[in-house]
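Asks: Next comes the sequence, and after it the predicted model I'd like to discuss.
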Amino acid sequence: MKIAFMFPGQGSQYVGMGKELYEKHDIVREYYKRADERLGIGLTKLMFEGPKEELTLTYNAQPAILTMSVAIYKLIRSVSRIEPSMCMGHSVGEYSALAAASVVGFEDAVYAVRKRGEAMQAAVKPGEGTMAAVIGLDEPVIKDLLMRAQGETGSVVEIANYNSPEQIVISGHTNAVEYAMDLLRANGARIAKKLEVSAPFHSSLMEPAVSGMRDVLKNIVLNNMTCPVVFNVDAQAHTSGNDIVPLLLKQLVSPVRWVDSIIFAIKNGVDTFIEIGPGKVLTGLVKRINSSVRLFNVHDPATLEQINILIQ
């Protein structure tokens, strides 16, 4: 059995995230406390009590997701003998994967994603950018229609996420995304639905965030990996700390190649995927990519018990 740990990205946050595990396990409380102290804000209170609108803000959601994900990962490692063959994360989840692989210390990781959220939010003025999920059209058709939308609007709209064989997410200026959605529906898309996000992530419009994050990342200590990490931008496993900063910077303006990442893991022998952190979005995506692999997600005491199945 070869196991890959997966860590979710933005959109998976919810009020009350991790509260049951926090109340039951000292190690979870420890990581929540460390996040509060490093950021100098009441992140734990926000995660447990909301309000939802404040938790959803990019610069709050990203450290909240990382904190819950890493705390649960550390909990799993403390109660089981499970050893991952590789780690991977969706968008900001990549930082959780790097923390799990001991490349980045927890305090550095939670600080970096707080700054990442601030930089991404500031890159485009509110209302000027958005994203949309597209279901029911092949990639070449979508690309052709996006080129048409860009030409006819004079604005940016690009592919941001390859989430599953059926689902592609587009990102860009609001007027271009909305124009593209009409084109996509007219040409056979079953769904073209705007997402509840505050900025056009993983598009060239995030370029202003790159320089800010370069300054943040150059001050972070990078360690040797304890297991390979599969990166979003090239869907390949990397084992050297020297690769990390360029890949993380490129990720801001490049598509998340989630389908290719899962296919890469399976081709390299992974037969079991464990999603760690809020929700189970990635579990659902993997099921659509390959329904024959074993899938687990851990986000509360009940799902933590499922891990016992793996060690029997």
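Replies: Structure's in. What do you need?

Asks: number of nearby residues for Gly42?
Replies: Counted with other C-beta atoms under 10 Å, the neighbours of Gly42 add up to 11. In this view, the C-beta of every residue, glycine as well, is placed from N, C-alpha and C.

Asks: who's in contact with it?
Replies: Asp36 (C-beta atoms under 8 Å, 6 or more residues apart in numbering).

Asks: ditto for the one 10 residues further on
Replies: Residues touching Lys52, when contacts are defined by C-beta under 8 Å, 6+ apart, comprise Tyr14, Val15.

Asks: repeat that with 7 Å
Replies: For Lys52, the contacting residues are Val15, by C-beta atoms under 7 Å, 6 or more residues apart in numbering.

Asks: ok, it to Gly16 distance?
Replies: 10 Å (C-beta to C-beta, to the nearest Å).

Asks: for Ile276, same thing?
Replies: When Ile276 is compared with Gly16 (using C-beta to C-beta), they lie 17 Å apart.

Asks: Please tell me how far stretch 226-243 is from the chain's geometric centre.
Replies: In terms of C-alpha atoms, centre = their mean, to the nearest Å, the centre of stretch 226-243 is found 15 Å from the chain centre.

Asks: now swap in stretch 254-262 and tell me
Replies: With C-alpha atoms, centre = their mean, you get 11 Å for stretch 254-262.

Asks: Likewise for stretch 188-205?
Replies: Worked out by C-alpha atoms, centre = their mean, stretch 188-205 lies 15 Å from the chain centre.

Asks: Pull up the distance across that stretch, start to finish.
Replies: 27 Å (C-alpha to C-alpha, to the nearest Å).

Asks: buried residues in that stretch?
Replies: Neighbour-count burial for stretch 188-205 flags Ala189, Ala192, Leu195, Val197, Ser198, Ala199, Pro200, Phe201, His202, Ser203, Leu205 (criterion: 16 or more other C-beta atoms under 10 Å).

Asks: nearest to Ala235, of these?
Replies: His202 (14.1 Å; C-beta to C-beta).

Asks: And the helices in the stretch 151-300 of the chain?
Replies: 174-186, 207-217, 244-251, 258-267, 281-289 (DSSP state H, counting those that start in this stretch).

Asks: right, so of those helices, which gets closest to Gly40?
Replies: Per C-beta to C-beta, nearest to Gly40 of those: helix 207-217, 15.9 Å.

Asks: Can I get that closest one as CSV, trimmed to CA atoms?
Replies: The C-alpha trace of helix 207-217 is given here as CSV (Å, rounded to 0.1, in the frame of the first residue of the first chain):
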residue,chain,number,x,y,z
GLU,A,207,1.3,38.9,-11.0
PRO,A,208,1.5,41.8,-8.5
ALA,A,209,1.4,39.2,-5.7
VAL,A,210,4.5,37.5,-6.9
SER,A,211,7.0,40.2,-5.9
GLY,A,212,5.5,40.5,-2.4
MET,A,213,5.6,36.7,-1.9
ARG,A,214,9.2,36.6,-3.2
ASP,A,215,10.2,38.8,-0.3
VAL,A,216,8.2,36.7,2.2
LEU,A,217,9.6,33.4,1.0
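
Asks: Buried residues, it. List them.
Replies: Ala209, Val210, Gly212, Met213, Val216, Leu217.

Asks: Give me the lowest-pLDDT entry from these.
Replies: Ranked by pLDDT, the buried residues of helix 207-217 bottom out at Gly212 (92).

Asks: for the residue lying closest to that residue once chain neighbours are set aside, helix, strand, or coil?
Replies: Nearest in space to Gly212, with sequence neighbours left out and distances taken as C-beta to C-beta, 6 or more residues apart in numbering, is Ala119 at 4.1 Å. Under DSSP: H, G, I helix; E, B strand; the rest coil, Ala119 falls in the helix class.

Asks: Isn't Ala119 up against Val210?
Replies: No: in this structure, Ala119 is not within contact of Val210 by C-beta atoms under 7 Å, at 8.3 Å.

Asks: At which residues are the strands of the stretch 51-200 of the chain located?
Replies: Assigned strands in the stretch 51-200 of the chain, in chain order: 86-89, 129-135, 157-162, 167-173, 191-194 (criterion: DSSP state E, counting those that start in this stretch).

Asks: and among those, the most buried is which?
Replies: Comparing the strands of the stretch 51-200 of the chain by mean neighbour count (mean count of other C-beta atoms under 10 Å), strand 86-89 ranks first with a mean of 28.

Asks: Perfect, I'm done here.
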